[in-house]
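Enquirer: Have a look at this prediction, sequence included:
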Amino acid sequence: IVAVGSICFNPLFWKILKLTRTEYRNKLLTRLAGGNSRHGCYALAAIIFSIGILRDWLFKLSLKDQPTLDVLSTPAVQALATLFFISGNILVLTSMWALGFTSTYLSDYFGILMEKKVTGFPFNVTDAPMYYGSTLSFLATALWFASPAGVLLTVLVLAVYKIALMYEDPFTSEIFAKRERERAVKKQ
């Protein structure tokens, strides 16, 4: 139950509970960081990273208390788990590399925008490589520990990420569209 709560809490905390939108509209974290938007973004990054580590630890801990399924203990499934773990981490790490530190941690909500949208790898493979890469890593862990409960928790991870994307994608698109409209007005 604790793992389920942590899985649901993390992305919903900064998306649906509007922490990032509050920052965008009211500059709450920037004000708490003495008016420095980068420092506010770094604080959010520390929060996101820390609760992510806690979530991952709770997930792994919960798998140890669950029954295993023999069909998931085969060498083929272990190989698949390894492939998913490597693939998931490639998606996460290369997206962090392509975005840079601040953009990885939602800098656009702080008014720190990249010059243009990243379209190269891994964003040319999937529009949300961090979310899908993370999901693959959760699935890999569940399979590695032969945990059917872990597989079900992975489905929950994916569902929560999909819900978060329903909020994140349109809002982020609007942030960039607003910047382009403002640039167009300045050129006139």
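Expert: Received the coordinates, thanks.

Enquirer: First-to-last residue distance for stretch 103-123?
Expert: For stretch 103-123, the first and last residues are 14 Å from each other (C-alpha to C-alpha, to the nearest Å).

Enquirer: Counting neighbours, which bits of that stretch end up buried?
Expert: Going by neighbour count (16 or more other C-beta atoms under 10 Å), the buried part of stretch 103-123 is 103-110, 112-113, 122-123. C-beta coordinates here come from the backbone N, C-alpha and C atoms, glycine included.

Enquirer: could you dump those residues to JSON lines with secondary structure, distance to Glu180 and pLDDT?
Expert: Formatted as JSON lines, the entries for these read as follows, by DSSP: H, G, I helix; E, B strand; the rest coil; distance: C-beta to C-beta, whole Å; pLDDT from 0 to 100:
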{"residue": "Ser103", "secondary structure": "helix", "distance to Glu180": "17", "pLDDT": "87"}
{"residue": "Thr104", "secondary structure": "helix", "distance to Glu180": "22", "pLDDT": "88"}
{"residue": "Tyr105", "secondary structure": "coil", "distance to Glu180": "23", "pLDDT": "84"}
{"residue": "Leu106", "secondary structure": "coil", "distance to Glu180": "19", "pLDDT": "82"}
{"residue": "Ser107", "secondary structure": "helix", "distance to Glu180": "17", "pLDDT": "85"}
{"residue": "Asp108", "secondary structure": "helix", "distance to Glu180": "13", "pLDDT": "85"}
{"residue": "Tyr109", "secondary structure": "helix", "distance to Glu180": "17", "pLDDT": "83"}
{"residue": "Phe110", "secondary structure": "helix", "distance to Glu180": "18", "pLDDT": "89"}
{"residue": "Ile112", "secondary structure": "coil", "distance to Glu180": "16", "pLDDT": "89"}
{"residue": "Leu113", "secondary structure": "coil", "distance to Glu180": "10", "pLDDT": "86"}
{"residue": "Pro122", "secondary structure": "coil", "distance to Glu180": "25", "pLDDT": "97"}
{"residue": "Phe123", "secondary structure": "coil", "distance to Glu180": "19", "pLDDT": "94"}
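
Enquirer: hmm, which two among those residues are most spread apart?
Expert: Phe110 and Pro122 (23.5 Å; C-beta to C-beta).
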